[in-house]
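Visitor: need the 3D shape of this:
(one chain, ligands or ions: 1)
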Amino acid sequence: MKRIFEEVTLGNLIVKNRLVRSATFECGAENGVITPFLKEVHEGLARGGVGLIITGMMGIDGNSCIKPSMVRVDREEFVPKYAEIAKAIHQHGCKVVIQISHCGVAASLFEGDSALGPSDLEGLARGMTKDEIKAVITAFGKAAKKCQETGADGVEIHGAHGYLISQFLSPYFNKRTDEYGGSLENRARFLFEVYEEIRAQVGKTYPVWIKINQSDLVENGFTPEECLCVCKELEKRGIDTIEISCGIGLNKKTSSAKINGDEGYNAEAALQIADEINTTVICVGGYRTYDGIEEFLNKGRLAAISLCRPLVREPDLPNRWQSGDRSKALCISCSQCFLPPQLKCRFVE
Ligand SMILES: Cc1cc2nc3c(=O)[nH]c(=O)nc-3n(C[C@H](O)[C@H](O)[C@H](O)COP(=O)(O)O)c2cc1C
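Guide: Sure, this is the predicted structure:
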């Protein structure tokens, strides 16, 4: 029987328990440069007992960010500033994986005339040229290398939630007629090229993870069957850990952070995927109870559970549970923690 508080190997990383902090955008930067707030948040989480932190999404280039408060990995201050945070996290026996992202059509900061996406989106974004695709692939590789230089334990490709990679995967956004659109093989080509470039930059043994949607939660979106095919291919290529999520974030119905979601709302799909591949699979979405989490862990081959909003409300939830107080997480899933300017729980002041 799997227990929450026991050592687990995720990919090739040894982690002290089966609770992972899922990526949560901290608003921890000014003009892309890390502020002291990011260290406060990450150190607080490490002190609170979580086994591994996945950072909030960090942008890879000047077209990839939703806000100036999103960390940019391509800023020259990034490596020394994040190295200091990674060191602080490690001092608490916690590991850290940096999530790297390009927000595509959702980006509100861009260097050219409009945001970039797989296809034109009237008034919002322009379909990328092949040269632009190549440039973004190169930028992902460079960003991953920078993350490795900070001493972080791995990188996670943000392939979920309606951001650029998810936009390419999704027929909802991707209307291309060249080799990057149409069939699943074509829609997934961009992701595979990003993965291969990252792998070439960081080497064979550095942990490369992905967060991916089991469903876009929209008609004509990416489906659980397609997700399984993509995961099988990523396994062949050597991905280390797959985190299963959902949603393309157009509105409440398609949000990855459900307000009235059942506990473990992505678990059924994640368990099916975990059953069909050997790569480590973890799952996010609605986990709030100690017993519920252990039940999901023991239903199949999920190696760990990741949490976002509960750790905004209670960064020390893992310590609380480990010390014997196993009452439900205090988070009420209101998602008010999305509100700017800084990540915090607004249900309790
Ligand atoms: C404030 C906030 C920020 C988030 N930022 C990110 C992010 O940077 N990257 C990401 O992959 N998911 C992000 N998410 C989604 C969460 O990681 C998670 O998938 C979702 O909230 C469901 O998990 P939960 O029920 O434990 O909150 C964010 C969610 C919230 C509420």
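
Visitor: ok, now which ones touch residue 60?
Guide: Residues in contact with residue 60, defined by CB atoms under 8 Å, 6 or more residues apart in numbering, are 72-74, 100-102, 136, 139-140, 142-143. Bear in mind the C-beta positions are built from the backbone N, C-alpha and C, glycine included.

Visitor: right, and out of the residues you listed, which lies closest to the ligand?
Guide: Nearest to the ligand, judged by CB to the nearest ligand atom, of the contacts of residue 60 is residue 101 at 6.9 Å.

Visitor: could you pull out the strands for the stretch 1-150 of the chain?
Guide: Using DSSP state E, counting those that start in this stretch, the strands of the stretch 1-150 of the chain run over 8-10, 13-15, 19-21, 29-30, 33-34, 52-54, 58-59, 95-101, 115-117, 125-127.

Visitor: not counting its own residues, what contacts the third one?
Guide: What that stands for is strand 19-21. Strand 19-21 is contacted from outside by 4, 10, 45, 49-54, 243, 282, 293, 304-308, 311, 317-318, using CB under 8 Å, 6+ apart.

Visitor: out of these, who's near the ligand?
Guide: When contact is defined as CB under 6 Å from any ligand atom, the contacts of strand 19-21 meet the ligand at 307-308.

Visitor: of the contacts of strand 19-21, which belong to helices?
Guide: Using DSSP state H, 45, 293, 311, 317-318 are the members of these that sit in helices.

Visitor: want to throw these into CSV with neighbour count and pLDDT?
Guide: Putting those into CSV (neighbours: other CB atoms under 10 Å; pLDDT from 0 to 100) gives the following:
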residue, neighbour count, pLDDT
45, 25, 98
293, 24, 98
311, 26, 98
317, 24, 98
318, 25, 98
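
Visitor: residues of the stretch 201-349 of the chain that sit close to the ligand?
Guide: Going by CB under 6 Å from any ligand atom, the residues of the stretch 201-349 of the chain near the ligand are 211, 245, 256-257, 284-287, 307-310, 335, 337-338, 343.

Visitor: buried among those residues? Make that a ChimeraX selection.
Guide: Selecting only the buried entries of these in ChimeraX, with 16 or more other CB atoms under 10 Å as the criterion:
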select :211,245,256,257,284,285,286,287,307,308,309,310,335,337,343
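
Visitor: stretch 110-127: end-to-end distance?
Guide: Using CA to CA, to the nearest Å, the end-to-end distance of stretch 110-127 comes out at 14 Å.

Visitor: hmm, I was thinking of stretch 66-83
Guide: The first residue of stretch 66-83 is 24 Å away from its last residue (CA to CA).

Visitor: so which bits of it are buried?
Guide: Result for stretch 66-83 [16+ other CB under 10 Å]: buried residues 66-67, 69-75, 78-79, 81-82.

Visitor: tilt between the lengthiest helix in the chain and strand 95-101?
Guide: In the chain, with assignment by DSSP H, the single longest helix is helix 130-149. Taking axes from the mean of the first three to the mean of the last three CA atoms, to 10 degrees, one finds that helix 130-149 is oriented at 160 degrees with respect to strand 95-101.

Visitor: mind giving me the packing neighbours of helix 130-149?
Guide: If you count contacts as 3 or more CB pairs under 8 Å, 6 or more residues apart in numbering; DSSP states H and E, helix 130-149 packs onto helix 78-90, strand 95-101, strand 154-159, helix 189-202.

Visitor: out of those, nearest to residue 16?
Guide: Each of those has some distance to residue 16 by CB to CB; the shortest is strand 95-101, at 8.3 Å.

Visitor: can you list contacts of the closest one?
Guide: By CB under 8 Å, 6+ apart, strand 95-101 touches 13, 15, 23, 42, 51-60, 64, 73, 82, 85-86, 89-90, 140, 143-144, 147, 150, 152-158, 163-164, 207, 209, 211.

Visitor: strands paired with that strand, and their directions?
Guide: Next to strand 95-101 in the sheet, as set by DSSP bridges, lie strand 52-54 (parallel), strand 58-59 (parallel), strand 154-159 (parallel).

Visitor: now render those strands as CSV, adding mean pLDDT and mean neighbour count.
Guide: Shown next, in CSV, are those (pLDDT from 0 to 100; neighbours: other CB atoms under 10 Å):
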stretch, mean pLDDT, mean neighbour count
strand 52-54, 99, 28
strand 58-59, 98, 30
strand 154-159, 98, 27
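
Visitor: and the nearest residue to residue 194 once chain neighbours are set aside, what pLDDT?
Guide: Leaving aside its sequence neighbours, residue 194 sits nearest to residue 140 (CB to CB, 6 or more residues apart in numbering; 4.7 Å). Looking at residue 140, its pLDDT reads 98.

Visitor: what's the farthest-apart pair in the buried residues of stretch 66-83?
Guide: Among the buried residues of stretch 66-83, 66 and 79 lie farthest apart (CB to CB), at 22.5 Å.

Visitor: give me the low-pLDDT residue ranges for the protein?
Guide: 349 (pLDDT under 70).

Visitor: which outside residues touch stretch 64-78?
Guide: 25, 27-34, 38, 55-62, 82, 98, 100-104, 106-109, 136, 139, 142-143, 146-147, 150, 164, 340-342.

Visitor: and that stretch, end to end?
Guide: Distance across stretch 64-78, first residue to last, is 16 Å (CA to CA).

Visitor: what of stretch 156-171?
Guide: Start-to-end span of stretch 156-171 (CA to CA) is 23 Å.

Visitor: go on, stretch 205-218?
Guide: Stretch 205-218 has an end-to-end distance of 36 Å (CA to CA).
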